[in-house]
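Peer 1: Predicted structure and sequence below. I'll ask about it afterward.
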Amino acid sequence: MLSCSSGSSILNGFFSKAVFIKPNYNYNYNKLCIIIRSSMNMNSHAFAGNPIKSRTPKPCEPVSPQSALKTLRTLLSTNSQIISDDDFFKILPFRKGKPLTGSTTIGLKWHLGWLSLSDCKSYLEKSQVVLTDDSLVYLGCQNEDGVDFVYWGIDVSDASGLVSQLGAIQFCFVELRTLMVATDWSDSKAMSQLAIAGHGRALVEWHNTARFCGYCGSKTVPIEAGRRKQCSNDSCNKRIYPRVDPVVIMLVIDKENDRALLGRQSRFVPRMWSCLAGFIEPGESLEEAVRRETWEETGIEVGDVVYHSSQPWPVGPSSMPCQLMIGFFAYAKTLEITVDKEELEDAKWHNREDVKKALTFAEYKKAQMTTAAKVEQMCKGVGKGQNLSSDFNVESGELASMFIPAPFAIAHHLISSWVNHDQQQPHPKQPATGSLSNL
């Protein structure tokens, strides 16, 4: 498995026409510095840093999953449309994995479409769907201006009339990948919103894929406010936990020749290169997975392995609602490449200067702003059905020889860290078969 890590086909039409402007160095150097600074100064990776999951409340607290569920059941059992506690519950609907989204014209910033409990109940009733406590998933809590709020997610894919109802107030359901590209990665508030949406999608999609017990085949029921599921068969009674698929992603480095190994898959757009990656197999360590995947895909033997960082990746297929990308620098012991054509289209060593030049490709911000404008159009009901990449315009110039994933992907940060000499170097006394970590 090779990590595209660009995260979205939205960029395909854009990056396939990408150009590298010939060196007006005063201009391009400033552009480069802005890109590298903004990507390296992120507080956390995209989808990390979720503010409503910063701590787990104790069961006795009103905002804990247990207490919030009791309050929720009380609210839903009443016929009153206006209840004081209702305002403290915020609900984020998802439709086929897409979070409800709104957009503001000023600054072209999207925001999540939170609904109050009474509004959510009302909208669903108009679509002949009954809101129950089992349909809601506890996402977390946060204190805002001295007031505690509890956040929930809900799958409304079966509520067919909801799209038009919410469209009337300029809300729409937007692919999480689209929101990822549209997010200004230098805006901490926007990154927090993206992290919440990613967490919500992962939990909601997990509920949809864990409808039946893997042990006995009986139906499962949500417990602990939707944070877990349990088999309904009393003789089985197995607990089921949200699925996380760990993936190692590594930048393989030829230290002596100052080169990095990058690969590409046939599904990549032309000239795009990224880090190698692969799923961890049962019974192996992270370091072993790095070495095995590198050997299987490229025939390169790896010695020292150094941890860099990790990133939640909830934009994969619904069958894998949340991957965890665990990033490493891997130091090559051999240099001859033998590509596994079933895994990769190609793999090559790239010197530092060539990769640095790829980082000067400054169209990431343009892609972000253009996609943000498209999200605004979608929320206003304008241009639906258009290809979001169709209107990307690029400046004329010489085609870039290569480019790498954008700053919302961990691959970008692995590569830019190496380019800027920020990676942790292995200790010279470390045996080649050992592993290093700055965990």
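Peer 2: Structure received. Residues are numbered from 1 along each chain as shown.
Peer 1: In the protein, which residue is most central in space?
Peer 2: The centroid of the chain falls nearest to residue 313 when counting by CA atoms, centre = their mean (3.7 Å).
Peer 1: so that residue makes contact with residue 324?
Peer 2: Yes. Counting by CB atoms under 8 Å, residue 313 does reach residue 324; the two are 6.9 Å apart. Just so you know, the C-beta spots here come from the backbone N, C-alpha and C atoms, and that holds for glycine as well.
Peer 1: Now do the shared contacts for the two.
Peer 2: residue 247 (CB atoms under 8 Å, 6 or more residues apart in numbering).
Peer 1: before we move on, back to that, the residue nearest to the centre of the chain: what's it in contact with?
Peer 2: Residue 313 is in contact with 47, 247, 322-325, counting by CB under 8 Å, 6+ apart.
Peer 1: okay, the residues you listed in TSV with pLDDT and secondary structure next?
Peer 2: Output for those, formatted as TSV (pLDDT from 0 to 100; DSSP: H, G, I helix; E, B strand; the rest coil):
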residue	pLDDT	secondary structure
47	96	coil
247	97	strand
322	92	coil
323	96	strand
324	97	strand
325	97	strand
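Peer 1: among the residues you listed, who's most crowded?
Peer 2: Within the contacts of residue 313, residue 47 tops the neighbour count with 29 neighbours, counted by other CB atoms under 10 Å.
Peer 1: Touching, that one and residue 198? I think so.
Peer 2: Yes. If you go by CB under 8 Å, residue 47 and residue 198 touch, sitting 4.0 Å apart.
Peer 1: what is in contact with the two at once?
Peer 2: 312, 314.
Peer 1: ok so, going back, okay, among the contacts of residue 313, which ones form the most distant pair?
Peer 2: 47 and 247 (13.5 Å; CB to CB).
Peer 1: In the stretch 301-439 of the chain, mark out all the strands, start to finish.
Peer 2: With DSSP state E, counting those that start in this stretch as the criterion, the stretch 301-439 of the chain has strands at 302-313, 323-332, 346-351.
Peer 1: Reformat those as CSV; add distance to residue 179.
Peer 2: Listed next are the strands of the stretch 301-439 of the chain as CSV, based on distance: least, CB to CB, whole Å:
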stretch, distance to residue 179
strand 302-313, 14
strand 323-332, 17
strand 346-351, 31
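Peer 1: looking at the ones you listed, which is closest to residue 192?
Peer 2: Comparing the strands of the stretch 301-439 of the chain by their distance to residue 192 (CB to CB), the top pick is strand 302-313, with 13.2 Å.
Peer 1: Buried residues of stretch 58-65, list them for me.
Peer 2: By neighbour count on 16 or more other CB atoms under 10 Å, the buried set for stretch 58-65 is 63-65.
Peer 1: Thank you, goodbye.
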